[in-house]
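Trainee: Next one to model:
(chains A and B)
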There are 2 protein chains.
Amino acid sequence: MGRLSSIFSLRHLLVLSLAANASLILRVVYESDKSSLNPVNQRSDALMAGDDATQKTHFSAPSPPPSVAGAAEDRVINLDHGDPTMYETFWQKMGDKSTIVIPGWQSMSYFSDVGNLCWFLEPEFGKEIVRLHKIVGNAVTEDRYIVVGTGSTQLFQAVLYAVSPHDAAEPMSVVSAAPYYSSYPAITDCLKSGLYTWAGDAREFNKDGPFIELVTSPNNPDGHTRDSVVNRTGGILVHDLAYYWPQYTAISAPADHGIMLFTVSKSTGHAGMRIGWALVKDREVAKKMVKYIELSSIGVSKDSQLRAARVLKVLSDSCESPSNETQPFFNSVYHIMAERWRLLREAVKHSGLFSLPEFSPAYCRFLNQSFENQPAFAWLKCEEPIEDCEEFLRSKKILTRSGRQFGVGPQYVRISLLDRDENFSLFVKRLSNIHL
Amino acid sequence: MGRLSSIFSLRHLLVLSLAANASLILRVVYESDKSSLNPVNQRSDALMAGDDATQKTHFSAPSPPPSVAGAAEDRVINLDHGDPTMYETFWQKMGDKSTIVIPGWQSMSYFSDVGNLCWFLEPEFGKEIVRLHKIVGNAVTEDRYIVVGTGSTQLFQAVLYAVSPHDAAEPMSVVSAAPYYSSYPAITDCLKSGLYTWAGDAREFNKDGPFIELVTSPNNPDGHTRDSVVNRTGGILVHDLAYYWPQYTAISAPADHGIMLFTVSKSTGHAGMRIGWALVKDREVAKKMVKYIELSSIGVSKDSQLRAARVLKVLSDSCESPSNETQPFFNSVYHIMAERWRLLREAVKHSGLFSLPEFSPAYCRFLNQSFENQPAFAWLKCEEPIEDCEEFLRSKKILTRSGRQFGVGPQYVRISLLDRDENFSLFVKRLSNIHL
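Mentor: Down below sits the predicted model:
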């Protein structure tokens, strides 16, 4: 204890703090400089990045901070990917409660919890996952194994590895009802695996034999609450519940499925951590998922798990004991999403060229009120005579993802609603004023 | 600046420090409790974890801290995997210089550097990678793309994805000279990819057509300095240089290959970060590697990259401006490895039942002296009449990895030499006293 205290003397901490401040300032200046260079050219580079199917989803440069980006009317607004920078404001308000300090000699071993089936899960993070699900009531955690992953993307692959038979004559079919998450086909097929293969829209699936059905609820891209659609036995269901949180949808009951995937990216907004978790009923499936993550990355960043544990703790604390300064997390972001959807629907009405999905209200047991889904993405349809909605919006300098990538037609696009306030405001203003 | 400073007031930092101390103490107590439960049973569970080939390398519980593990002579010493906990001592000595502080609202975006081909590489980390290679002189960084990965394990897969033709009639062969790193076959074949397939010992490879040869130098498991062995054109070489650092081998010249892989796990000892990097000559290869990491995990933990940047900075600072209190990093760990090899060779001599590889001295341009390789692993051979070295040592409660997993016979085992002092000392003492 004596040594630990001396390592962190007040003076040392002040030096650390100053160094952190300096580096943050340098970073802001540095990144602003770079971003302001030429966002349009950066986007062009990204668009030219490849010519195969998977490369269509190549990451393009996000919109630069408005303050350095020149005149608003000329600026490209990139809402192609769901970068959740909207959440920064909440965490800034929380101040240093959610700050973590990691000494250089900590977390050096590969191992986090040698007694656990998932030996690379930080115990503190596991504890906070269970606590948060209990507070929100969105998933059953009893008799579940927790498997941590490098985002839910890695967990999705771990599930495919875990549930496909390794001695089958042909690869197992993987399906999801269109419109489905644009990355599912690319991830499933990128290595031409002999274990599994992408088989497209679950509604049109009619092959015999076992299959995997991905059920994303609320759905990415269209925001609808979903159930399995393949109406026969032999299917293994994987529930991607990245958006089953009260800022996006009413929490009607704790989800109680065999394999459920979650991620911090869309719950707390910490996409840069690359942390997701799976709640898995079957021990053998959990064990094989752990094996996959061992093989593909020998575990998951401990630093990000420790940080995620801290962030979930602060979030749960904010719900259990709200303070005068800050609203509980979910109430706060619920209101932001509600306001964004109100503004978006107004803009769409004003323009007259587009339409949006309609949702029915449902009762949320966490927020104790009824409301309609207010998804992280707008699934926008361009009305006739516009044929290619992505192209049309691009001509207005709004970058979106085409419906084609989600297994449907070019009259649809997916638009992220999780960008920073300034970009969102500029987007609805511009959308509102688009007329033929 | 005003706001940043107020977030980190002295008092807040003290509270943070105390919280960190408390959590560390709780952690030590908690993990000690768990580890002391029954390490032998934990090992049994791990051994029973599966029956397929890949599961032979299932992670088993590391040795518990000696202080809580009961009588030394009864204790299982687990040296199966290369957990680099030996390095903790150096970083403890460095105190708070290598500590990082990450506020809750930092690094939330997916993006780190939108102008960079590797858009998820933290610029600070990229800068420190180049600086360290320049100081050590172990790799050319000019005209190279840096690709960061979730450990070099993910980068290895990214390379396979990047260099295999995606339209070939059959998968590309992947080879490495035996004894080769035990995880290569399992990782290569785990998804039964149609792009590439494990084809075994590079020395016996005689198939026509293109192939990928993995050159690990110094080699894991046997510590020898290596070159490519397949003597014909059409091969793509991948240099795994995880151990090309002056604590393990003489740095004779900067490595100058097309694809070179490095990892913090074996250079600084921070395995829990899961951070590796590749230096790649060809732009198209680098671009495809980035694509793979996008698909498989949408980038790499920013928190760990920021921490890795800090650790590399402190390491480079220690080399450029050594202080009175601490030796430069590489000198310090070079001496530890030299002493461990001296003790190991003494123990082997005293026992009379084993043998070790012999190495020729070479001149190190970084340490300005000649020395023999002093690898991270001992590649131990049991002499006759012992047939199965792994089984034999297990009967003495020393857990190692069998030569079979490295593509050779059961008379060999690989033993980690990077465990904490107490475990290493107990190991050499026990080895020394083994007689038939």
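Trainee: Pull out the buried residues from stretch A:357-376.
Mentor: Applying a neighbour-count criterion of 16 or more other CB atoms under 10 Å in any protein chain shown, the buried positions in stretch A:357-376 are A:357, A:359, A:364, A:366-367, A:371-376. Glycine gets a C-beta too; all of them are placed from N, C-alpha and C.
Trainee: My error: substitute stretch A:170-187 in the last question.
Mentor: Going by neighbour count (16+ other CB under 10 Å), the buried part of stretch A:170-187 is A:171-187.
Trainee: Among the buried residues of stretch A:357-376, give me the pair with the biggest separation.
Mentor: Largest separation among the buried residues of stretch A:357-376 by CB to CB: A:Pro357 and A:Phe366, giving 22.7 Å.
Trainee: Quick check, A:Ala139 in contact with A:Ala255.
Mentor: Yes - with contact defined as CB atoms under 8 Å, A:Ala139 counts as touching A:Ala255 (4.7 Å).
Trainee: Need the overlap of contacts for these two.
Mentor: Shared contacts of A:Ala139 and A:Ala255, defined by CB atoms under 8 Å, 6 or more residues apart in numbering or on different chains, are found at A:241, A:244.
Trainee: Within range of chain B, give me the residues from the stretch 201-350 of chain A.
Mentor: Residues of the stretch 201-350 of chain A found near chain B (CB under 8 Å from any CB of the partner chain) are A:265, A:269-275, A:287, A:291-292, A:294-304, A:307, A:310-311, A:314.
Trainee: Among the residues you listed, which ones are in helices?
Mentor: Among these, the subset assigned to helices under DSSP state H consists of A:265, A:287, A:291-292, A:294-297, A:302-304, A:307, A:310-311, A:314.
Trainee: ok, and the most crowded of these?
Mentor: A:Ser304 (32 neighbours; other CB atoms under 10 Å in any protein chain shown).
Trainee: In contact with that residue, which residues?
Mentor: A:273-275, B:301-304.
Trainee: again with A:Phe211
Mentor: A:172-175, A:199, A:205, A:230, A:234-236.
Trainee: For whatever helix or strand A:Trp198 lives in, which strands pair with it and how are they oriented?
Mentor: For A:Trp198, the host element (DSSP states H and E) is strand A:196-201. Using DSSP bridges, strand A:196-201 pairs in its sheet with strand A:172-176 (parallel).
Trainee: Following the chain onward from the strand it pairs with, which element is next?
Mentor: On the C-terminal side of strand A:172-176, the closest following helix or strand by DSSP H and E is helix A:183-189.
Trainee: What segments of the stretch 51-200 of chain A are strands?
Mentor: Secondary structure of the stretch 51-200 of chain A (DSSP state E, counting those that start in this stretch): strands at A:77-78, A:100-102, A:145-150, A:172-176, A:196-201.
Trainee: Strands of the stretch 201-350 of chain A, residue ranges please.
Mentor: Using DSSP E, counting those that start in this stretch, strands in the stretch 201-350 of chain A cover A:211-216, A:235-240, A:259-263, A:275-280.
Trainee: Going by contacts, tell me the helices and strands next to the shortest one.
Mentor: In this case it means strand A:259-263. Contacts defined by 3 or more CB pairs under 8 Å, 6 or more residues apart in numbering or on different chains; DSSP states H and E place strand A:259-263 against helix A:151-163, strand A:235-240, strand A:275-280.
Trainee: Touching that strand from outside, list them.
Mentor: Here strand A:259-263 makes contact (CB under 8 Å, 6+ apart) with A:129, A:139, A:151-152, A:155-156, A:159, A:163, A:236-242, A:244, A:275-281, A:285.
Trainee: Buried only: go through these for me.
Mentor: Neighbour-count burial (16+ other CB under 10 Å) is assigned, among the contacts of strand A:259-263, to A:129, A:139, A:151-152, A:155-156, A:159, A:163, A:236-242, A:244, A:275-280, A:285.
Trainee: coming back round to it: got the contacts of A:Ser304 as a markdown table, with pLDDT columns?
Mentor: Below are the contacts of A:Ser304 laid out as a markdown table (pLDDT from 0 to 100):
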| residue | pLDDT |
| --- | --- |
| A:Met273 | 98 |
| A:Arg274 | 98 |
| A:Ile275 | 98 |
| B:Ser301 | 98 |
| B:Lys302 | 98 |
| B:Asp303 | 98 |
| B:Ser304 | 98 |
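Trainee: could those residues be laid out in CSV, adding distance to B:Val348?
Mentor: CSV is the format used below for those (distance: CB to CB, whole Å):
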residue, distance to B:Val348
A:Met273, 45
A:Arg274, 43
A:Ile275, 44
B:Ser301, 40
B:Lys302, 45
B:Asp303, 42
B:Ser304, 37
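Trainee: out of these, which one sits closest to B:Leu417?
Mentor: After measuring those against B:Leu417 - CB to CB - the closest member comes out as B:Ser304, at 25.0 Å.
Trainee: of all the contacts of A:Phe211, which comes closest to chain B?
Mentor: The closest of the contacts of A:Phe211 to chain B turns out to be A:Met172 (CB to the nearest CB; 11.5 Å).
Trainee: shouldn't that closest one be in contact with A:Ile212?
Mentor: Yes - using CB under 8 Å, A:Met172 is in contact with A:Ile212, at 6.1 Å.
Trainee: Please name the residues that touch whichever residue of the stretch 101-250 of chain A sits closest to chain B.
Mentor: Going by CB to the nearest CB, chain B is nearest to A:Gly104 of the stretch 101-250 of chain A, at 2.6 Å. If you count contacts by CB under 8 Å, 6+ apart, A:Gly104 has them with B:91, B:94, B:97-99, B:310-311, B:314.
Trainee: nearest to A:Ser402, of those?
Mentor: Of all the contacts of A:Gly104, A:Ser402 sits closest to B:Arg310, with 41.0 Å by CB to CB.
Trainee: Which helix or strand in chain A has the lowest average pLDDT?
Mentor: Counting by mean pLDDT, DSSP states H and E, the weakest-scoring helix or strand in chain A turns out to be helix A:39-47, with a mean of 28.
Trainee: thinking again about what came up before, find me the pLDDT at the residue of the stretch 101-250 of chain A closest to chain B, would you?
Mentor: Looking at A:Gly104, its pLDDT is 97.
Trainee: tally of neighbours for the closest residue to it other than its chain neighbours?
Mentor: In space, and not counting its chain neighbours, A:Gly104 is closest to B:Ser98: 2.6 Å by CB to CB, 6 or more residues apart in numbering or on different chains. B:Ser98 has 25 neighbouring residues, counting by other CB under 10 Å.
Trainee: what's the closest of the contacts of A:Gly104 to B:His350?
Mentor: Within these, proximity to B:His350 (CB to CB) peaks at B:Trp91, which comes in at 32.7 Å.
Trainee: for that closest one, what are its contacts?
Mentor: By CB under 8 Å, 6+ apart, the residues touching B:Trp91 are A:103-105, A:108, B:98, B:269, B:311.
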